[in-house]
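Participant: Generate a structure from the sequence data that follows.
(4 chains)
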Number of protein chains: 2
Amino acid sequence: MTDKEAEAPGLARLAALLADETRAACLLALLDGRAWTAGELARHAGVAASTLSEHLGKLVTGGLLAEERQGRHRYVRLADDRVAQLVEDLAAQVAPEAAARRPRTLRASSAGSAMARGRTCYDHLAGRLGIAVTDALTGLGLLRQDTGFALTDAGLGWFDAAGIPLRPTGRRPLARACLDWTERRPHLAGVAGAALCRHALDTGWCVRIGSERAVKVTPAGEAALSELLRIDPLALR
Amino acid sequence: MTDKEAEAPGLARLAALLADETRAACLLALLDGRAWTAGELARHAGVAASTLSEHLGKLVTGGLLAEERQGRHRYVRLADDRVAQLVEDLAAQVAPEAAARRPRTLRASSAGSAMARGRTCYDHLAGRLGIAVTDALTGLGLLRQDTGFALTDAGLGWFDAAGIPLRPTGRRPLARACLDWTERRPHLAGVAGAALCRHALDTGWCVRIGSERAVKVTPAGEAALSELLRIDPLALR
DNA sequence: GGGACACTTCGGCGCCCGCCGAACCGTGCG
DNA sequence: CGCACGGTTCGGCGGGCGCCGAAGTGTCCC
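Facilitator: From the prediction side, this is the model:
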């Protein structure tokens, strides 16, 4: 009771940080897991540099962003994966109504469909690619979704055999479900999701398209995913 | 990209609903999973009835609350478990700073410590009781946390043997980790967490203290938890 | 029917906050 | 050295929103 009372102001203050459209646009952009400069974000959000500077100040002091100053640039990124998860969760909560509002005819727009095919979500794979990988892991008995969301012992072996080390960190879970907000289905996040995504980018299974979050599977990636996870290459196109 | 752009206003609007201290207090109060009347919430939050009426209107049209009108009363409750999860997540995110701000000497205050011992979190057990149950399930190999968060086959058998049916619903996960914001550790939520909590209250393993979220383990509950999960009764006091 | 009660609507007040442009500061480059 | 450029600070403007009290609506109970 006393605890609960004390939580309300904090919760409101945290939510207030997210309750501005400009700041929300920044956080969503930063979901790509990379560091952006203040100027890039200002152009992205369509506001004056001075305005965005104030927003960044609030987000940083609020603990949502971490900053790194290099020369005359100010780079910001999401403070940690907890913040990323929070933004993802909120975005997923909003998705149903957003999807209903979205005109059907635009579903095939090129930029949108590239994002729908495959993208990164902070530091793991999302979109149809992310779903396909998650489904494949589940189908092969490497990941269990029927009783929660966790790798199996066979799953641990698969990561080991594939040469993808899973280093457990402080309290980030090894496997976690992240609700994809175009596919409306859970996909693999957590330490394993991040390691798999990093491996996929490092070994050239997929490459980033431009400077956006969208990713494309390479021929080498199709072969690897087909061999290791029995994923039909056609399902990714 | 186009999707992301469209998400920002929605995310901001959702966050704005949570960004008011009065509304936050209401949502936290409603985490007990029960329906409150408008008047109760107004007194709880310390604002005029007219003010709270407007807040309820926003929360209902925003989809966070469901309402039920009975006679001259307006009952509201959280719309669904997704909303409850969202509020829990936000509260957990805020907890670290709130805990740091909290004076040490008050830790043993009676109301607070009753809440810390055991409480319900929307529809599952939390507090030290929730942690103890989760730890016991894990220690007995019924719940796996090392590779994610999921029941094991033995765990499914345990629920069955204990006479606690697990009815899988639409897309709510069977087991989910909910981060406790007094204990700072994950405890069992999801379908299994809710079923266990309901069973505990139905069979008298624990009872609610007053009209708050705090719960107390009964002697019968101590015996049952000791027998079924090898929980030391002393750990719950 | 009348009165108490729960809730809602409305008008008005005051505050907060996001926005911009202009001035300012520091870095990097020619 | 000096200019260009990224970022910050400040003043001022405008809109939005939470709050209240008073008046209104509907329900229950005597």
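Participant: Strands of chain A, residue ranges please.
Facilitator: A:36-37, A:65-70, A:73-78, A:119-121, A:124-126, A:143-144, A:148-151, A:176-179, A:186-189, A:206-208, A:215-217 (DSSP state E).
Participant: Ranking those strands by mean neighbour count, which comes first?
Facilitator: Most buried of those, by mean neighbour count (mean count of other Cβ atoms under 10 Å in any protein chain shown): strand A:124-126, with a mean of 29. Any C-beta I mention is one placed from the backbone N, CA and C, and that applies to glycine too.
Participant: In chain A, which residue sits closest to DNA strand C?
Facilitator: DNA strand C sits closest to residue A:71 of chain A, with a gap of 2.6 Å, by Cβ to the nearest atom of the strand.
Participant: Mind putting the strands of chain A into JSON lines with distance to residue B:222?
Facilitator: Output for the strands of chain A, formatted as JSON lines (distance: least, Cβ to Cβ, whole Å):
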{"stretch": "strand A:36-37", "distance to residue B:222": "55"}
{"stretch": "strand A:65-70", "distance to residue B:222": "46"}
{"stretch": "strand A:73-78", "distance to residue B:222": "44"}
{"stretch": "strand A:119-121", "distance to residue B:222": "44"}
{"stretch": "strand A:124-126", "distance to residue B:222": "43"}
{"stretch": "strand A:143-144", "distance to residue B:222": "33"}
{"stretch": "strand A:148-151", "distance to residue B:222": "27"}
{"stretch": "strand A:176-179", "distance to residue B:222": "34"}
{"stretch": "strand A:186-189", "distance to residue B:222": "37"}
{"stretch": "strand A:206-208", "distance to residue B:222": "54"}
{"stretch": "strand A:215-217", "distance to residue B:222": "54"}
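Participant: so how many other residues sit close to residue A:122?
Facilitator: Residue A:122: 23 surrounding residues under other Cβ atoms under 10 Å in any protein chain shown.
Participant: for residue A:51, that is, sorry about that
Facilitator: 13.
Participant: Leaving aside the residues adjacent along the chain, what's closest to residue A:150?
Facilitator: Leaving aside its chain neighbours, residue A:150 sits nearest to residue B:148 (2.7 Å; criterion: Cβ to Cβ, 6 or more residues apart in numbering or on different chains).
Participant: Does that neighbour touch residue A:149 like I think?
Facilitator: Yes - between residue B:148 and residue A:149 there is a contact at 5.1 Å, judged by Cβ atoms under 8 Å.
Participant: So chain A: which segments form each domain?
Facilitator: Domains of chain A are assigned by automatic domain parsing as A:2-79, A:82-236.
Participant: Could you measure from residue A:60 over to residue A:138?
Facilitator: To residue A:138, residue A:60 is 39 Å away according to Cβ to Cβ, to the nearest Å.
Participant: can you check residue A:199 too?
Facilitator: 19 Å.
Participant: tally of neighbours for the residue nearest to residue A:183 when sequence neighbours are not counted?
Facilitator: Of all residues not flanking residue A:183 in the chain, residue A:131 sits nearest, at 5.0 Å (Cβ to Cβ, 6+ apart). Using other Cβ under 10 Å, residue A:131 is surrounded by 21 other residues.
Participant: could the strands of chain A go into JSON lines alongside distance to residue B:40 and mean pLDDT?
Facilitator: Below are those laid out as JSON lines (distance: least, Cβ to Cβ, whole Å; pLDDT from 0 to 100):
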{"stretch": "strand A:36-37", "distance to residue B:40": "45", "mean pLDDT": "94"}
{"stretch": "strand A:65-70", "distance to residue B:40": "38", "mean pLDDT": "92"}
{"stretch": "strand A:73-78", "distance to residue B:40": "38", "mean pLDDT": "93"}
{"stretch": "strand A:119-121", "distance to residue B:40": "40", "mean pLDDT": "85"}
{"stretch": "strand A:124-126", "distance to residue B:40": "42", "mean pLDDT": "91"}
{"stretch": "strand A:143-144", "distance to residue B:40": "42", "mean pLDDT": "95"}
{"stretch": "strand A:148-151", "distance to residue B:40": "35", "mean pLDDT": "94"}
{"stretch": "strand A:176-179", "distance to residue B:40": "33", "mean pLDDT": "88"}
{"stretch": "strand A:186-189", "distance to residue B:40": "36", "mean pLDDT": "92"}
{"stretch": "strand A:206-208", "distance to residue B:40": "52", "mean pLDDT": "91"}
{"stretch": "strand A:215-217", "distance to residue B:40": "50", "mean pLDDT": "91"}
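Participant: need the contact list for residue A:8.
Facilitator: Residue A:8 sits next to B:21, B:24-25, B:28 when contact means Cβ atoms under 8 Å, 6 or more residues apart in numbering or on different chains.
Participant: how about the helices in chain A?
Facilitator: Ranges of helices within chain A are A:2-18, A:21-29, A:38-45, A:49-61, A:81-101, A:110-117, A:127-139, A:153-161, A:190-202, A:219-229, based on DSSP state H.
Participant: Neighbours of the closest residue to residue A:222 other than its chain neighbours, how many?
Facilitator: In space, and not counting its chain neighbours, residue A:222 is closest to residue A:233: 4.0 Å by Cβ to Cβ, 6+ apart. By other Cβ under 10 Å, 13 other residues sit near residue A:233.
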